[in-house]
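1. How does the following fold in three dimensions:
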Amino acid sequence: MGENDAQAPHLILLEAIDAAYANHTGKGLGTNCCPVEIERGDKWARLAWINDSAPFGVLAHNAESDPKFIYVNNAAIRMFGYRRDEFIGLPSRLSASEDRRAARAAFLEIVRARGIAENYADVRVDRSGCPFRIRDGTVWQFDGGDVVGQAALIWFDGKVD
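-> I've put the predicted structure just below:
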């Protein structure tokens, strides 16, 4: 890690999220998706790419009874339309419409029991309440030392008409 990494605690959290993903899947986030020179290079460059430039969303919430977002990358910010400072601390249940929250909660219980679930697709809502589809999602448990929760890798699949 370089001298500026103390200014990037979100990358430290992303490192724990990435490590848990690798423990569950055998590969790091962005494998076969990020530019080859980044994938083969420094871990911190790959994590910075995931945070800043990845075409997929990565989100994480803590393990509170009403979990709150603790990490979002730029792609997730674009999908959901919140500023980072609005997103962090937001109850994650608000990412789904009221009529989808029970199904979402049931799915997260399955992830809690199994450790990971793949090929997840559903509908989420952005900041203004407009629904959009996510596809090819993976949701997994992570333990980042002081922080325990669940993380997700999702792909945007278009607005719902």
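2. just the strands in the protein please.
-> In the chain, strands defined by DSSP state E lie at 57-62, 69-72, 116-125, 131-143, 148-159, listed in chain order.
3. Present these as JSON lines; the columns should include mean pLDDT and distance to residue 94.
-> The way it works is simple: take the backbone N, C-alpha and C, and place the C-beta from them, glycine included. Formatted as JSON lines, those follow (pLDDT from 0 to 100; distance: least, C-beta to C-beta, whole Å):
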{"stretch": "strand 57-62", "mean pLDDT": "97", "distance to residue 94": "11"}
{"stretch": "strand 69-72", "mean pLDDT": "96", "distance to residue 94": "9"}
{"stretch": "strand 116-125", "mean pLDDT": "95", "distance to residue 94": "8"}
{"stretch": "strand 131-143", "mean pLDDT": "95", "distance to residue 94": "13"}
{"stretch": "strand 148-159", "mean pLDDT": "94", "distance to residue 94": "15"}
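4. Would you reformat the ones you listed as JSON lines and include mean neighbour count?
-> Output for the strands of the chain, formatted as JSON lines (neighbours: other C-beta atoms under 10 Å):
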{"stretch": "strand 57-62", "mean neighbour count": "22"}
{"stretch": "strand 69-72", "mean neighbour count": "24"}
{"stretch": "strand 116-125", "mean neighbour count": "16"}
{"stretch": "strand 131-143", "mean neighbour count": "18"}
{"stretch": "strand 148-159", "mean neighbour count": "19"}
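5. Distance to residue 26 added to these, as CSV?
-> Shown next, in CSV, are the strands of the chain (distance: least, C-beta to C-beta, whole Å):
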stretch, distance to residue 26
strand 57-62, 18
strand 69-72, 22
strand 116-125, 11
strand 131-143, 12
strand 148-159, 14
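6. thought residue 15 was touching residue 47?
-> Yes - applying C-beta atoms under 8 Å, one finds residue 15 in contact with residue 47, separated by 6.1 Å.
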